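Engineer: Here is the input, now give the coordinates:
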Amino acid sequence: MSTKRKITILVVLLAISFGPYYIYQNIIYKDARDINKEKSILTISAKNLESQYAGNSSQADSKYLNKTIEIVGTATEVTDSSMVIDGKVFCKMNEIVKTNYTNKQINIKGRCIGYDDLFGVVKLDQCSIQQH
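Structural biologist: Got it, this is the predicted structure:
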C-alpha cells in the first residue's frame, strides 16, 4: 500500500471519528448566552414593564421576550438567589446576593422570560446587578 493511500485512509478515519463530535459541539450544542456580557436593548422601570405585560402580554412578549433588558426600581424582596423589584419583576440572579438591597434603588440586567399570570410578575433570569 502506498504512503499516499495510507494518509488518505488515516484522514478519512479521523474525519469519521471526530466529525460527529465537531458537529455536535459547534453546530448542535452552542454555548449558552452570557447575558452579563450582552448589551441591553433598553432600560425600563419595573412598574412600566409589568403594566405593559398586564395590559397586553402578547404585545409585550414581542418586544421583550428572550431579550436582554435592564430593570430599574426598588428591591422589595431579596433572597440569596433572587430579587423582586417593586413587587412587579422577579429576577433569578446569576450569583448569590451577598448584600442586603431591600428597599434600595437598584438596576438589574437580565433576560426576560415572560409574564407569570398566577403571581402577576414579569420574570427575568441570568440577572446581575448593574449599579447600586
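Engineer: where in this structure is pLDDT low?
Structural biologist: For the chain, the stretches with pLDDT under 70 are 14, 18-19, 21-31, 131-132.
Engineer: Tell me the spacing between Tyr115 and Ala54.
Structural biologist: Applying C-beta to C-beta, to the nearest Å, the value for Tyr115 to Ala54 is 8 Å. Yep, even glycine has a C-beta here, placed from its N, CA and C like the rest.
Engineer: Same check on Asp61?
Structural biologist: According to C-beta to C-beta, Asp61 stands 13 Å off from Ala54.
Engineer: same check, this time on Thr43
Structural biologist: From Thr43 across to Ala54, the span is 20 Å (C-beta to C-beta).
Engineer: Then Val122?
Structural biologist: 9 Å.
Engineer: Using the three-state scheme, assign Arg5.
Structural biologist: The three-state assignment at Arg5 reads helix, by DSSP: H, G, I helix; E, B strand; the rest coil.
Engineer: who's more crowded, Val122 and Ala54?
Structural biologist: Higher neighbour count among Val122 and Ala54: Val122, with 28 against 15, using other C-beta atoms under 10 Å.
Engineer: List the residues that contact the nearest residue to that one once chain neighbours are set aside.
Structural biologist: In space, and not counting its chain neighbours, Val122 is closest to Val89: 4.8 Å by C-beta to C-beta, 6 or more residues apart in numbering. Val89 makes contacts with 46, 49-50, 71, 73, 108, 121-124, as judged by C-beta atoms under 8 Å, 6 or more residues apart in numbering.
Engineer: In these, find the pair that's most separated.
Structural biologist: Across the contacts of Val89, the longest distance by C-beta to C-beta is 14.7 Å; it joins Gly73 and Lys123.
Engineer: out of these two, which sits in the more crowded spot?
Structural biologist: Per other C-beta under 10 Å, whichever of Gly73 and Lys123 has more neighbours is Gly73, with 22 against 19.
Engineer: ok so, going back, so what sits against both of Val122 and Ala54?
Structural biologist: Tyr115.
Engineer: mind checking which helix or strand Lys92 is in?
Structural biologist: In this structure, Lys92 sits in strand 89-93 according to DSSP states H and E.
Engineer: how near is the residue nearest to Val122 to Lys98?
Structural biologist: Separation of Val89 from Lys98 (C-beta to C-beta): 21 Å.
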